[in-house]
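*Asks:* got a predicted structure here, sequence first:
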Amino acid sequence: MIIDEIISCRNHFESDISTVNSLKDLENLRIKFLSKNGLLAKLLEQLKSIPKDQKPVVGKELNVLKNFIESTFNSKKESLEINDEQKEFIDLSLPARNFSIGSKHIINQALDEIKAIFKGLGFSVKEGPELESDFNNFEALNFPSNHPARDMQDTFFINQKFLLRTHTSPVQIRIMLDQKPPVRAIMPGRVFRNEAVNSRSHCQFHQIEGLYVDTDVTFAELKGTLVAFAKEFYGNSLKYKFRSSFFPFTEPSAEMDITCFICKGNGCRVCKNSGWLEILGCGMVDPNVFASVGYDSEKYSGYAFGMGIERIAMLRYGITDIRILFENDIRFLKQF
Ligand code: DAH
């Protein structure tokens, strides 16, 4: 009899739902009783084949059962969901988790500081490509082809005409070909040399180039600018000296030394006991360079300088192996 089945279905449902403890159990229960092929649907299906006179009674009983199952199911669901939410309770008294965030590489830190100082002195910042022409990297900078001065820099050639720039000086050429004086810019960037990689040299490193061209630019201004920079970067009490040197693109040329800021000039391993550290090369722009960019060297004069960034960062932090700057070892980078 269908009425018996209705009663048994109700009992069955009651006993099942009394054991439900999770939303997952409840879902299984829903499938068993309330889904399209569930027990309730099967009973409702039978209603079709019931004699007409019994239909109102059976229909009513089925309706009661349906309402009972649905409302019991819904209230069980609600109470399980509340429980679940409580499980996700956030304990605000717990200590916060540590997130490790990145930091600026020390090369970029040094670059940023140097840029800021020169910006304060009226220099703009320009960049050039790492792949350069032989003309910009050598020829226009007064390194004639086959000239021994080219051996100062071991070069990665791409072909006869192109190479990986060996210094940032070619950006000077790009700027001067592009604009008329006055020019006052610094040019940071990566450079490449075909050198064996060891603790002191690498096949890639960074430089900052500087160029100032105008009427009546003097060597005294060059010194004044570089001293102002060095005092700001290394500290006011530093001592410095300019030694004469040679670069094909400057005449006269010099190198700037400062007192070793590790031993304060007393002599240590880093300054090889001399008390001095070389920090940059500089000089007055050679008239041949002006000629190659179409500047009139009778009318204009200028100075240029260039410095390596790795060396500066390594000296500053007492790093003795340049390779570590390019390895991206997070344990090393995290320290700065
Ligand atoms: N380009 C030189 C180098 O890589 C550095 C340099 C020296 C740049 C003197 C200059 C300069 O502009 O005047 O060794």
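*Replies:* Thanks, I have it. Numbering: from 1, shown residues only.
*Asks:* helix, strand or coil: sort out the residue nearest the centre of the chain for me.
*Replies:* The geometric centre of the chain, computed from its C-alpha atoms, lies nearest to residue 104 (CA atoms, centre = their mean), at 7.3 Å. When classified by DSSP: H, G, I helix; E, B strand; the rest coil, residue 104 comes out as coil.
*Asks:* distance check, the closest residue to it other than its chain neighbours against residue 233.
*Replies:* In this structure, residue 104 finds its nearest non-sequential neighbour in residue 112, 7.4 Å apart by CB to CB, 6 or more residues apart in numbering. From N, CA and C alone the C-beta is placed, and that goes for glycine too. Residue 112 sits 12 Å away from residue 233 when distances are taken as CB to CB, to the nearest Å.
*Asks:* mind listing what residue 315 touches?
*Replies:* Neighbouring residues of residue 315 by CB atoms under 8 Å, 6 or more residues apart in numbering: 261, 262, 270, 277.
*Asks:* okay, and the second one sits in which element?
*Replies:* Taking DSSP states H and E as the criterion, residue 262 maps to no regular element, lying outside all helices and strands.
*Asks:* related to what we said a few turns ago, for the residue nearest to the centre of the chain, grab phi and psi.
*Replies:* In terms of degrees, to the nearest 10, the main-chain angles of residue 104 are phi -70, psi 140.
*Asks:* now swap in residue 240 and tell me
*Replies:* When quoted as degrees, to the nearest 10, the phi and psi of residue 240 stand at phi -140, psi 160.
*Asks:* picking up where we left off before, for the helix or strand hosting the residue nearest to residue 104, which positions count as buried?
*Replies:* Secondary structure from DSSP H and E places residue 112 in helix 106-120. Judged by neighbour count using 16 or more other CB atoms under 10 Å, the buried positions of helix 106-120 are 106, 107, 110, 111, 114, 117, 118.
*Asks:* cool, and stretch 292-305?
*Replies:* Under the neighbour-count rule (16+ other CB under 10 Å), stretch 292-305 has 292, 293, 295, 300, 301, 302, 303, 304, 305 buried.
*Asks:* cool, and stretch 139-151?
*Replies:* 139, 140, 141, 142, 143, 150.
*Asks:* out of the buried residues of stretch 292-305, which is nearest to residue 99?
*Replies:* Each of the buried residues of stretch 292-305 was scored against residue 99 by CB to CB, and residue 305 proved nearest at 41.4 Å.
*Asks:* contact residues of the stretch 51-200 of the chain facing the ligand?
*Replies:* The stretch 51-200 of the chain comes close to the ligand at residues 167, 169, as judged by CB under 6 Å from any ligand atom.
*Asks:* can you pull the contacts of the closest residue to the ligand within the stretch 51-200 of the chain?
*Replies:* Nearest residue of the stretch 51-200 of the chain to the ligand, counting by CB to the nearest ligand atom: residue 167, 3.3 Å away. If a contact means CB under 8 Å, 6+ apart, then residue 167 has 137, 153, 191, 207, 209, 306 as its contacts.
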